[in-house]
Each structure stands twice: as structure tokens, then as C-alpha cells.
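A.B. asks: need coordinates for the below:
(chains A and B)
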Amino acid sequence: MRLILAGIGAWVRQWLADVGHAALLFFRLLWLGPSCLKRFSLVRDQMHFLGNHSLAIIAVSGLFVGFVLALQGYNTLQKFGSASALGLLVALSLVRELGPVVSALLFTGRAGTSLTAEIGLMKAGEQLSAMEMMAIDPVSRILAPRFWAGVLVMPILGTVFSAVGIVGGWLVGVVMIGVDAGSFWGQMQDGVDVWSDVGNGFIKTVVFGLTVSFIALRQGFEAQATPEGVARATTRTVVMASLTVLALDFVLTALMFKL
Amino acid sequence: MQRSNTDVWVGLLVVVGAAALLFLAMQSANLLSISWQKTYEINALFDNIGGLKKQAAVKSAGVVVGRVQDIRFDDKSFQANVVMAMDVRYQFPKDSSLKILTSGLLGEQYIGIEAGSEVANLAPGDKVQSTQSAVVLENLISRFLYNKASDAGSAPAGN
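C.D. replies: The predicted structure follows:
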């Protein structure tokens, strides 16, 4: 009995300590923002690595998601004789939900994992300890530029995803199926609001950028300095970041689009 | 050399992102046409506005000529006060009438404006006198049922 209680106690204490460490690291990264942006060349290199290299996969996925949305949406809407609302359906689902969420998941897979593996290997190769020996803070020199690059890049990727998706929906809906172009764009422009839809979608991408970059960096930073440790950390990045993005999306949606 | 190359690519990324945002704002949300068109305000009192919302269209002959800007409750007359922003390109006579209509069977509600015959046009801040409320489905059904019941009551007496 005592052993079980002690086990629970130790587990809770461990968990609280983990949360505390994570929060400390998070606020430290936020605090390092201005000094990090002052040395922009570091952030720029990471933006190039995280952003430009993810652009192709984001654009292609956006195009196909737009295609599928238009096909499926047309099938359902046509049953109610309102195929003219196809543009609205495609635009709202992309701008509000799919753009931010799917691009965040892709960003996790494409960029988050490479961040974790990179930091984890730096740790395994004792590069981080070496930097500390030279009185260079690895958090401000290695983690912060990657964090801020991720935060800056994610909104760009999410927006590109939505825009390309709408073009994809237009290609299938208007060019292929033959929905009237005027009602496709007109219904969309009637129903989509700049602030409450496009703006809130943009806020979502910023929040997801913070989340995914932070989780990826923390998993790399806390990884056990062994090959298996790095492998486990990479897996955990994908699982945790994806789950957190989906859960946060629910919370943000509930806050933003209350009726 | 490597340095400036990265700069170019990151710059391109940011430009692509900005273009995408601009596309979303202009093409899908129609930011420009809302804020740049000049409008004049008119208002009207309705007994019942049904499901009318802000930003609903004001249409004449099916063409959008304005938008509902604000909906308030007037606690003097206990009616709904609807403020509409009308496009300055379109002028309507002072005795025009407003109706709350529904697009489709159960679609969105909008205001239909029908031109009157007076020479003077509606000026900014004018109040439209002749209004017709929204058709509330429950009232319609209850009236229908009431008529049915009174028909059924009078039919046997007639025969």
C-alpha cells in the first residue's frame, strides 16, 4: 500500500516537474524573441530550411484537399439542389479548419521531426555540452532561432495551403464539373468574413506554429543522448504535436466560432 | 554568395505567403467591395424581423443595392430598428417600401426594397415608413391550423 502511494506520489511529482520545465523553456524562448530577431540571419537560415523546403508538400497537399472537397461537397450539395454554394463550402472549410490543421500536421511531419532529430543528435554528439563549455547558451543560440523560424513560417504555410486549396476547389468545381463561376465566387464572397474567418484561421496557424515548434524542440532537447533516445523523441514529437494540434483546434474553434 | 541566396529564397517565401493572404482577403472574403463603396444610411422600423442578420443584403429586383448595417430594438415603439447602408449609385423615392423576404424556401432572409412613385429621393438618415415584417413560419402554421379548424367546425353545419 505504501509502495503504491509512493509510486503515485513520485509520478505526480515527476509530472509536475516536467510541466514546470516545459513552461520555463517556453517562456524563455518567448523572452528570447526580440534578441533572436535582432540576429535575423540565424532565423532566416532556419526559415529557409523549415519553410521553403515545406512549401512544395504544403502546396501539393492543399491542391488535392481542394480537389477532394469540391468533389465530395458537390455530391452532397447537389442532393439539396444547392450546388451553387460549393465555393462557400470549400472556402469556409479550408480557411477555418483544414488549412490551419492539415498544414500544421504536415509541418509536424516535415519540419518538426527534423528539428527533433537535429537537436537530439546534437545532444547525443555532445555538441550542446561543448557549446555550454564555451559559455554559449544553447537555448538562445540553437533553440530560439529554430523556434521563431517555425512560428514565423507556419502562418505563411497555412495561408498558402488555404489559397491553393480554394484554387483546387475552383479547378474541380468550376472547370471540371461546371458549377457556375459567378455563384462559386459570389457565394464565397458573401459568406466568408475577413476578420472572423480568414483572421481567425490565421490566428490558429500562429498558435499551431508555436505549439509544433515548441514540442519538437523540447523533445529534441530532452531526448536521451542515445540513438534509441533520438528515435523515441522523434516518434513522440509526431504523436504529441499532432494530438495537441487537434485538441487545441477544438478549443480554439469553440472560443472563436461560438454562435 | 550563399548568404544572399538564402535571403532571396526566404524573401520569396514571405512574398508567396503575403500573396496567399491577399488572395484570401480579396477573392474569397471580398474585403474591398465592402469598405470602399460609398454608402448612405437609411433606417426603418419593423414589427418583426424574423431571422434577419447584420450584413444581410438589401435587394431590389434581385440586385444587391445595400446591406443591413445594424439591428437595434426601439423600446419606445417596441419595434426593431434596422439601419441599412445603401449604395450611393442607387437612389430610391421617399415612399419606397421595405419587405423582409426569404431566399428560397428556408434560405437566408434579406430585405426587398420596392420603389415608390414620389419625386424626392431618400436622403441619408431618412426613415422608411412603409415596412412589412418577416413571415414567421409558426404564425403561418397556426393561422393555417386555425382556418382548418374553423372550416371543419362550419362544414357539418352547412351540409
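A.B. asks: from here on, just use CA atoms for contacts and neighbour counts.
C.D. replies: OK.
A.B. asks: point out where chain A drops to low pLDDT.
C.D. replies: A:258-259 (pLDDT under 70).
A.B. asks: any idea where the helices of it begin and end?
C.D. replies: All helices of chain A, identified by DSSP state H, fall at A:2-31, A:33-38, A:40-47, A:53-79, A:86-92, A:99-107, A:113-124, A:127-133, A:138, A:144-170, A:181-191, A:200-222, A:227-256.
A.B. asks: could you dump those helices to JSON lines with distance to residue B:42 and mean neighbour count?
C.D. replies: Conversion of the helices of chain A to JSON lines gives the following (distance: least, C-alpha to C-alpha, whole Å; neighbours: other C-alpha atoms under 10 Å in any protein chain shown):
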{"stretch": "helix A:2-31", "distance to residue B:42": "49", "mean neighbour count": "13"}
{"stretch": "helix A:33-38", "distance to residue B:42": "49", "mean neighbour count": "14"}
{"stretch": "helix A:40-47", "distance to residue B:42": "51", "mean neighbour count": "20"}
{"stretch": "helix A:53-79", "distance to residue B:42": "37", "mean neighbour count": "19"}
{"stretch": "helix A:86-92", "distance to residue B:42": "30", "mean neighbour count": "28"}
{"stretch": "helix A:99-107", "distance to residue B:42": "39", "mean neighbour count": "26"}
{"stretch": "helix A:113-124", "distance to residue B:42": "58", "mean neighbour count": "23"}
{"stretch": "helix A:127-133", "distance to residue B:42": "68", "mean neighbour count": "15"}
{"stretch": "helix A:138", "distance to residue B:42": "63", "mean neighbour count": "16"}
{"stretch": "helix A:144-170", "distance to residue B:42": "36", "mean neighbour count": "28"}
{"stretch": "helix A:181-191", "distance to residue B:42": "22", "mean neighbour count": "19"}
{"stretch": "helix A:200-222", "distance to residue B:42": "32", "mean neighbour count": "25"}
{"stretch": "helix A:227-256", "distance to residue B:42": "32", "mean neighbour count": "18"}
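A.B. asks: how about TSV for those, with distance to chain B added?
C.D. replies: Rendered in TSV, the data for the helices of chain A read as follows (distance: least, C-alpha to the nearest C-alpha, whole Å):
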stretch	distance to chain B
helix A:2-31	22
helix A:33-38	15
helix A:40-47	7
helix A:53-79	8
helix A:86-92	7
helix A:99-107	12
helix A:113-124	18
helix A:127-133	24
helix A:138	23
helix A:144-170	5
helix A:181-191	5
helix A:200-222	9
helix A:227-256	17
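A.B. asks: could you dump those helices into JSON lines and include distance to residue B:127?
C.D. replies: As requested, the helices of chain A are arranged in JSON lines below (distance: least, C-alpha to C-alpha, whole Å):
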{"stretch": "helix A:2-31", "distance to residue B:127": "54"}
{"stretch": "helix A:33-38", "distance to residue B:127": "54"}
{"stretch": "helix A:40-47", "distance to residue B:127": "57"}
{"stretch": "helix A:53-79", "distance to residue B:127": "40"}
{"stretch": "helix A:86-92", "distance to residue B:127": "34"}
{"stretch": "helix A:99-107", "distance to residue B:127": "44"}
{"stretch": "helix A:113-124", "distance to residue B:127": "63"}
{"stretch": "helix A:127-133", "distance to residue B:127": "73"}
{"stretch": "helix A:138", "distance to residue B:127": "68"}
{"stretch": "helix A:144-170", "distance to residue B:127": "42"}
{"stretch": "helix A:181-191", "distance to residue B:127": "27"}
{"stretch": "helix A:200-222", "distance to residue B:127": "36"}
{"stretch": "helix A:227-256", "distance to residue B:127": "36"}
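A.B. asks: nearest to residue B:97, out of those?
C.D. replies: For residue B:97, the closest of those is helix A:181-191, at 24.6 Å, according to C-alpha to C-alpha.
A.B. asks: could you say what helices and strands the closest one packs with?
C.D. replies: In terms of contacts (3 or more C-alpha pairs under 8 Å, 6 or more residues apart in numbering or on different chains; DSSP states H and E), helix A:181-191 is packed against helix A:86-92.
A.B. asks: what helices and strands are in contact with the helix it packs on?
C.D. replies: Secondary structure elements in contact with helix A:86-92, counted by 3+ C-alpha pairs under 8 Å, 6+ apart, are helix A:53-79, helix A:144-170, helix A:181-191.
A.B. asks: what packs against the first one?
C.D. replies: The criterion is 3+ C-alpha pairs under 8 Å, 6+ apart, and the helices and strands that helix A:53-79 contacts are helix A:86-92, helix A:99-107, helix A:144-170.
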